[in-house]
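# Turn this into a model:
(chains A, B, C and D, ligands or ions: 2)
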Amino acid sequence: MTSNLYKNQLIELSHNPYHFGKPEKIFSSNEALNPLCGDKITVYQSGDSIQDIDLWFESVSCIICSASASILAQNSEGMDMNDGIEFMKQVETALKDGTLLDHNLPKALNCLGEINNYPSRITCATLPWSTAIELLQ
Amino acid sequence: MTSNLYKNQLIELSHNPYHFGKPEKIFSSNEALNPLCGDKITVYQSGDSIQDIDLWFESVSCIICSASASILAQNSEGMDMNDGIEFMKQVETALKDGTLLDHNLPKALNCLGEINNYPSRITCATLPWSTAIELLQ
Amino acid sequence: MASFLAIAKIDVMNAKREKEMMKIREEFPILDQKINGEDLVYLDNAASTQKPRTVINAIKNYYENDHSNVHRGVHTLSVRATEAYERARQKVTEFVNSPNKHQIIFTKGTTESINLIASSVTNLIEKNDEILITAMEHHSNIVPWQELCKRTGATLKVIPISEDGDILMDKYREMVTNKTKLVSVVHLSNTLGTINPIEKIINKAKSHSAITVIDGAQAAGHIPIDVQKLDCDFYLFSGHKIYGPTGIGVLYGKEDILNKIDPYQYGGEMILKVTFDETTYNDLPHKFEAGTPNIAGAVGIGASIDFINSLDRDLCHKHEMSLHDYAMDKLERIDGIRIIGRSSNKSAILSFVIDGMHPHDIGTIINQKGIAVRTGHHCTMPLMDFYEIPGTVRASFSIYNTHSEIDKLIDALKLAIKMLKQ
Amino acid sequence: MASFLAIAKIDVMNAKREKEMMKIREEFPILDQKINGEDLVYLDNAASTQKPRTVINAIKNYYENDHSNVHRGVHTLSVRATEAYERARQKVTEFVNSPNKHQIIFTKGTTESINLIASSVTNLIEKNDEILITAMEHHSNIVPWQELCKRTGATLKVIPISEDGDILMDKYREMVTNKTKLVSVVHLSNTLGTINPIEKIINKAKSHSAITVIDGAQAAGHIPIDVQKLDCDFYLFSGHKIYGPTGIGVLYGKEDILNKIDPYQYGGEMILKVTFDETTYNDLPHKFEAGTPNIAGAVGIGASIDFINSLDRDLCHKHEMSLHDYAMDKLERIDGIRIIGRSSNKSAILSFVIDGMHPHDIGTIINQKGIAVRTGHHCTMPLMDFYEIPGTVRASFSIYNTHSEIDKLIDALKLAIKMLKQ
Ligand SMILES: Cc1ncc(COP(=O)(O)O)c(C=O)c1O
Ligand SMILES: Cc1ncc(COP(=O)(O)O)c(C=O)c1O
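Numbering: from 1, shown residues only, chains lettered A, B, ... in the order given. Ligands and ions are numbered 1, 2, ... in the order given. As a prediction, this is how the structure comes out:
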């Protein structure tokens, strides 16, 4: 009877997040706060342009947020801007609505499938995505 | 089973109040409002000095207030200032405490003896007295 | 003969309607009691309505099952309390047809809602600007604007009313100019019962880009509110006047203006980030909700909205107006009575004075018969000055009142008059 | 051997005391429930305490029997509601030992109380004046002063604290000068548990004629308050943290300063006379209580004070501290734990962080075991910056908690650590 949210996969992801840290070359960046807990995340677009998505992030945050950021960085890599924004918006909405498992989204996201049972933690999961969308728009 | 407060004596007093109106010669005056109902009373000291008390009053007010003012004017008339203030303070306190009948006060006041059963009306009864005390002090 | 039949027909209809309403009356535990040995007749509904069992129980259940502080907690009770609080906001959103939930701010009551606006718009008001209110406003829709004018150098202007208690719309139209920055008007007058033509008032104000504020304290419980249709900038009301608890009120605002004006109170919840050098404010609605909110109060107002939604509002309206008309008719037959407020568009509020008798004396005497009316200036002193009276006796009717209660009111009034005249 | 006996003796005493306290626990209906299949362990008392049956019933009874609007009514229900409201004020008066009833102002809560002061003292603060707060203040005792400083040009200065979480009193004494116009300090820190030496702080401030404000949000439920002995200008707290309802708070003020400062909100009750040209304000406490007050909230806080008065407060204090010390001892044995707040003068609040683990993750996981703790910055972000942490896990104990609940907390924490370390 322990939490269903904190699965191995999620915890591992948060221990070894993808693209955690400042990239060598920063094209642009965006910082955001989680007003509920005061957590902070900075999302960077690496390289010379915003066309090919290559996101990195730094954060002081919980496992949900770190894992979510890691999934974002890995699964958006190489998308062009428009596709990327659309993808991110889709994920953000699905996280909020609790419909993550209903769409054809990257499997990696499944580990956040339970998040809608933890309403106070949804912002933790969406924060990287909303921050990235703001960055790209 | 009608109100015990509204006795004939009280109503008569209010219909024919003693010293109702502006005196010919005003030494000083004081106006007060009842914040609960917005009623207004002006108390006048008639004559050339404040030494011999001779109070008059004008008011837009309820029966309780008018009758109380009438009793005040009649029963303080001719007192010297110090005695008058003491008397008025005694009545004011007795009205508030509901001890009007316990003291050796003018009989005319007995018609206000029930006032402490009408807490929202106590200020109506005390207003002339507190206004007069302020005037004299 | 025809007219007699017509009257009889109305009576039957009224009686039928009243029978319906009596099921609702049973929902209000407070009404079933004796005052001075007589059945309580509660006709002070414009001051505060009574609460149905569902509202009282919603508050009790909240404290017995779900209470915790909101918004910042990850544990179950905190999540539940947050959901209960936000569900209440959703109910208010639908109740006034706000386009968004975050445009609903919870306050202490109408008075705080108006104070919030008058304080937070300060940065939008300049010297020589004009603020318009009407001659029938409640003190809470007068004094905050007086203070705003003091602070900013703006001028407060008062739209006059007719002897019947209607806003003089022609005068109003003349008064609105490009100097007019804000118009704040009561929807339903608590003293006169007048229902003001706020659609027209708002339209005219908007044609000069003035901010529009509607004091809905009395209206919200009686008139269905649609803020999108009204298109006002702000609409305000109190929980305790719509069968809900004390200590909770509502401010609806348009999104752009809520974003433009300053926060009102500062503290927890309303911030995004605090350092000793600088503070960043949170988004709507949190920007205007500093500190631990009245969670149980919100739950209670939510339950009161559920209660209202469960009513046949048209039936309720007809019942209230039938009580009003019945009382008016009987009152007018009493010698020396003067009705204050004779608008042709009225709600079930009846103010009157009786020649040579003070409202307080009347109120105290009829209370001996169990009858609760409000007496005095009803926080509308300037209106009393206009009618040159010290105050009125005000009987205000609600869904749970009955025609026989009005008979009792009339009998008690006659007795009071007899006593006071002697 | 000696020490083993000593420990055993304490345990017996604790157990005996706890048995006493369990009668009190039964008064709190909410505590008897399962969360995620486990018994609720409510350790979030610093955010909000739970309510005893007597408080819940007082509110219910008020609505079922006595509700009406207050102060201006002559009918029986209005008189009763007014008496209930003023009786609550009398209870608060005695609770804090205020010399007079009219020095007790009812507000929405601590946050509003502080905002009221920060707004109403504006006319007493000038450019170049200094306002002192400490590094451990709650946002509600920071942001209103930042805004006051913005408005007036005064400077906000922050009294530093030690790593243990104590105010550096030497530094404080240096900082108080003739420029110091106001000192606002938390009595009991909601994050650290530190009980500040407010008598000394107030004395020093008064020696330079500074206004003293004490945020008693956390203290009022745990420490007997005597405002006359403290001799502070203002003392503030919230109902919901002293077993009372949400939406009601208290501001105690000295009479002279309450008379000197401006009103805060404007409307009904707080006026003596209103014309369109001019308004005269009412006396204390009404000057600061505009609009229909939270009558049921006042009745509720009155009942919560009755409840506190019915307790053996010394016993309660010993019980809470025994829980605190027991938890502290067990926590310190856990690898990687860091206690935040180690003052030698502490209340039963325990904040901690665990190496490499985020408070939110811990809070969410132990909630699965029914355990409610608060996680995050606790509205003290600048304090988090001082300790260079994003937040803490905070377990705060109340009279109804038990030693075995702490065992459950510790077990759940160990499980969370195991999960998060894997
Ligand atoms: C120390 C302290 N001050 C102020 C507050 C604010 O109290 P409220 O949210 O009840 O207004 C709190 C409550 O979180 C607190 O702990
Ligand atoms: C028309 C009107 N406006 C404002 C108010 C003030 O409402 P509250 O006292 O609930 O703040 C009232 C209530 O008396 C009212 O009738």
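# show me the contacts for residue 106.
I went with chain A, as the question did not name one. A:P106 makes contacts with A:71, A:75, as judged by C-beta atoms under 8 Å, 6 or more residues apart in numbering or on different chains. All C-beta atoms are positioned from the backbone trio N, CA, C, and that covers glycine.
# Can you look at chain C instead?
Contacts of C:F106 by C-beta under 8 Å, 6+ apart are C:88-89, C:248-251, C:285, C:289, C:293-294, C:297-298.
# Can you say which two of those are spatially most distant?
C:P285 and C:G297 (15.1 Å; C-beta to C-beta).
# just to revisit the earlier point, can you flag which of the contacts of C:F106 belong to helices?
C:88-89, C:297-298 (DSSP state H).
# would you list those in TSV and tack on pLDDT and distance to C:H324?
Output for those, formatted as TSV (pLDDT from 0 to 100; distance: C-beta to C-beta, whole Å):
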residue	pLDDT	distance to C:H324
C:A88	98	31
C:R89	98	33
C:G297	98	30
C:A298	98	32
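# Rebuild those as a markdown table, extending it with distance to chain D.
As requested, the ones in helices among the contacts of C:F106 are exported to a markdown table (distance: C-beta to the nearest C-beta, whole Å):
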| residue | distance to chain D |
| --- | --- |
| C:A88 | 12 |
| C:R89 | 15 |
| C:G297 | 5 |
| C:A298 | 9 |
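# would you turn the residues you listed into TSV with neighbour count and distance to chain A?
Formatted as TSV, the ones in helices among the contacts of C:F106 follow (neighbours: other C-beta atoms under 10 Å in any protein chain shown; distance: C-beta to the nearest C-beta, whole Å):
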residue	neighbour count	distance to chain A
C:A88	30	16
C:R89	22	15
C:G297	32	22
C:A298	29	17
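# Of those, which is the nearest to B:Q90?
For these, the nearest to B:Q90 is C:G297 (45.1 Å; C-beta to C-beta).
# What separation is there between A:Q90 and chain B?
Separation of A:Q90 from chain B (C-beta to the nearest C-beta, to the nearest Å) stands at 62 Å.
# can you check C:S189 too?
Taking C-beta to the nearest C-beta, one finds C:S189 at 17 Å from chain B.
# That residue contacts C:I340, correct?
No: C:S189 sits out of contact with C:I340 when judged by C-beta atoms under 8 Å, with a separation of 10.3 Å.
# got TSV for the contacts of C:F106, with distance to D:A58 too?
Converted to TSV, the contacts of C:F106 look like this (distance: C-beta to C-beta, whole Å):
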residue	distance to D:A58
C:A88	22
C:R89	27
C:I248	18
C:G249	22
C:V250	26
C:L251	29
C:P285	30
C:E289	26
C:P293	21
C:N294	16
C:G297	15
C:A298	20
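# Which of these sits closest to ligand 2?
Distance to ligand 2 across these (C-beta to the nearest ligand atom) is lowest for C:G249, with 6.2 Å.
# Shouldn't C:F386 be within a helix?
Yes: counting by DSSP: H, G, I helix; E, B strand; the rest coil, C:F386 is part of a helix.
# so what secondary structure elements neighbour the worst-scoring helix or strand of chain A on mean pLDDT?
In chain A, no helix or strand scores lower on mean pLDDT, DSSP states H and E than helix A:8-15, which sits at a mean of 89. Secondary-structure packing of helix A:8-15 (3 or more C-beta pairs under 8 Å, 6 or more residues apart in numbering or on different chains; DSSP states H and E): helix A:63-76.
# and the helix it packs on, is it in reach of chain C?
No: on the criterion C-beta under 8 Å from any C-beta of the partner chain, helix A:63-76 is out of touch with chain C, staying 10.5 Å away.
# Ligand 1: which of the contacts of C:F106 is nearest?
C:P293 (8.3 Å).
# Quickly note the distance from that closest one to D:T107.
Distance, C:P293 to D:T107, by C-beta to C-beta, to the nearest Å: 13 Å.
# repeat for C:K171
Distance of C:K171 to D:T107, computed by C-beta to C-beta: 40 Å.
# what helix or strand does A:N30 sit in?
Element membership of A:N30, judged by DSSP states H and E, is strand A:26-33.
# and that strand, what's its mean pLDDT?
Strand A:26-33 shows a mean pLDDT of 94.
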